[in-house]
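Peer 1: model the structure of this input:
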Amino acid sequence: MDTLETLKRLLEHNRLDRILKLLRRARLEIQRLDSSPFNDGADPAKVLIFTPIEDCEQLRDLKDFQKERLTELLKEIHPESAGDLCITEIEFLLDANAPTLGQLTDAELAGELEVQREIMIDVATGGARIQAVNSAYRKRRRRISDALRARGIPDPNPYDDLWDWYNKWSSGDMPSYASRRVYISGLFSSLIDRLSSDEEARGAEVFEEPSGWTKVDNGLAEVRSRLQDAATPEQHQAVGLLCRETIISLAQAVFDPEVHPPIDDVDPSPTDAKRMLEAYFEKELAGGPNKEARKHARASLDLANKLQHDRTADFRKAALCAEATASVVNIVAIVSGQRDP
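Peer 2: This next block holds a predicted model:
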């Protein structure tokens, strides 16, 4: 493990979250200095930390005790290839080759939003002075707005400048530190959760290729597109309705009334996806060895059906519905042989 990764683990262990987040896009170099006969055999060195401009400014603005703690942690690290080092100082430098926010993944953008959230809380609760951090805030604010605009996502933060935020909290609406923390956390939490959930969902996909059922695949593609763009309860509820149509198309693709008798002796209508798929699972996953698979398939179907009709839809519920629908599609595709190599 290299020095930077070791440092990040130490920062995480010591709960120095702010510094950790500011180093998420950093690169680190160790610059050896001229040796001295008084250094007990350790090579003197200084650490150069290169970061994007917005992170670099925040690192330079760290309080003295934070810089001292960072130096102490670096002194604990001995890179495998460099031998013993005596860290004498840290220098924060601009990384001209660092990516812009528009090039970041959703998870990295979520990290930027978390930094912005922490700065707004910090200045409003007796922490950093606005004069010291406002320039970096405004630059990050513009770049976050550009990155969100590129994704078609509204920016939930209405404050272009920290002085605007100051005018809000000092007006009397938020007299306590706790009220300011709650307000700012509420501004960012849904969007950060959304970006993080999108990234996790993409990373968790086992089958990226289409199922082979055109209407079903088109339906899932539309569900993903609508979920990414949804911002209002009505738009999130529309995701559930699209999930319903996708599951109906799936049921119509595999259900055969001559092969799959209904489990309750009620013949399903052409749009009764629940009865059609339950009959399908009962037949195709029959027997004791398939009991757990049958239970999982029905649970996914039940979850998708329940969320489709939820009138208090938000991103999390819509995302769960989309995930459950994709799960049902993949289960049926596996059982039917559509996923066979």
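Peer 1: remind me what the host helix or strand of residue 274 packs against, helices and strands.
Peer 2: Following DSSP states H and E, one finds residue 274 within helix 273-284. Helix 273-284 is packed against helix 233-254, helix 291-308, helix 315-336, with contacts defined by 3 or more C-beta pairs under 8 Å, 6 or more residues apart in numbering; DSSP states H and E. In this view, the C-beta of every residue, glycine as well, is placed from N, C-alpha and C.
Peer 1: could you check the angle helix 315-336 makes with that helix?
Peer 2: Here helix 273-284 runs at an angle of 40 degrees relative to helix 315-336 (axes from the mean of the first three to the mean of the last three C-alpha atoms, to 10 degrees).
Peer 1: hang on, the earlier thing: so which of the helices and strands packed on helix 273-284 gets nearest residue 116?
Peer 2: Among these, helix 315-336 comes nearest to residue 116, with 19.5 Å by C-beta to C-beta.
Peer 1: can I see the domain layout of this structure?
Peer 2: 3-94, 101-196, 205-336 (automatic domain parsing).
Peer 1: residue 190 touches residue 113, doesn't it?
Peer 2: No - counting by C-beta atoms under 8 Å, residue 190 does not reach residue 113; the two are 10.7 Å apart.
Peer 1: helix or strand: which one has residue 93?
Peer 2: strand 85-94.
Peer 1: scratch that, residue 135
Peer 2: Short version: residue 135 belongs to helix 130-151, going by DSSP H and E.
Peer 1: mind giving me the packing neighbours of that helix?
Peer 2: Using 3+ C-beta pairs under 8 Å, 6+ apart, helix 130-151 sits against helix 53-60, helix 106-124, helix 162-168.
Peer 1: avg pLDDT for that helix?
Peer 2: What helix 130-151 shows for mean pLDDT is 83.
Peer 1: got the buried residues for that helix?
Peer 2: 133-134, 136-137, 140-141, 143-144, 147-148 (16 or more other C-beta atoms under 10 Å).
Peer 1: which of residue 190 and residue 113 has more residues huddled nearby?
Peer 2: residue 113 (25 against 14; other C-beta atoms under 10 Å).
Peer 1: for residue 87, what are its contacts?
Peer 2: By C-beta atoms under 8 Å, 6 or more residues apart in numbering, the contact set of residue 87 is 45-47, 71, 74-75.
Peer 1: can you do 6 Å?
Peer 2: 47, 74-75 (C-beta atoms under 6 Å, 6 or more residues apart in numbering).
Peer 1: what sits opposite it in the beta ladder?
Peer 2: residue 45 (DSSP bridges).
Peer 1: how near is it to residue 32?
Peer 2: Note on residue 87: its distance to residue 32, by C-beta to C-beta, to the nearest Å, is 11 Å.
Peer 1: what's the answer for residue 176, then?
Peer 2: For residue 176 relative to residue 32 (C-beta to C-beta), the value is 51 Å.
Peer 1: same check, this time on residue 314
Peer 2: Residue 314 is 54 Å from residue 32, by C-beta to C-beta.
Peer 1: next one: residue 251
Peer 2: 68 Å.
Peer 1: residue 339: neighbour count?
Peer 2: 16.
Peer 1: coming back round to it: more neighbours: which of residue 314 and residue 32?
Peer 2: residue 314 (16 against 12).
Peer 1: buried stuff in the helix holding residue 274?
Peer 2: 273-282, 284.
Peer 1: again, but for stretch 221-235
Peer 2: Neighbour counts using 16+ other C-beta under 10 Å place 223-224, 226-227, 230, 233 of stretch 221-235 among the buried residues.
Peer 1: then stretch 242-261?
Peer 2: If you call a residue buried by 16+ other C-beta under 10 Å, then stretch 242-261 has these buried ones: 242-251, 253-255, 260.
Peer 1: export those as CSV, with columns for distance to residue 294 and pLDDT.
Peer 2: Shown next, in CSV, are these (distance: C-beta to C-beta, whole Å; pLDDT from 0 to 100):
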residue, distance to residue 294, pLDDT
242, 26, 86
243, 21, 87
244, 22, 86
245, 25, 88
246, 21, 89
247, 17, 89
248, 21, 90
249, 22, 91
250, 17, 91
251, 16, 90
253, 19, 92
254, 15, 92
255, 16, 92
260, 13, 93
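Peer 1: give me the number of residues near residue 7?
Peer 2: For residue 7, using other C-beta under 10 Å, the count is 23.
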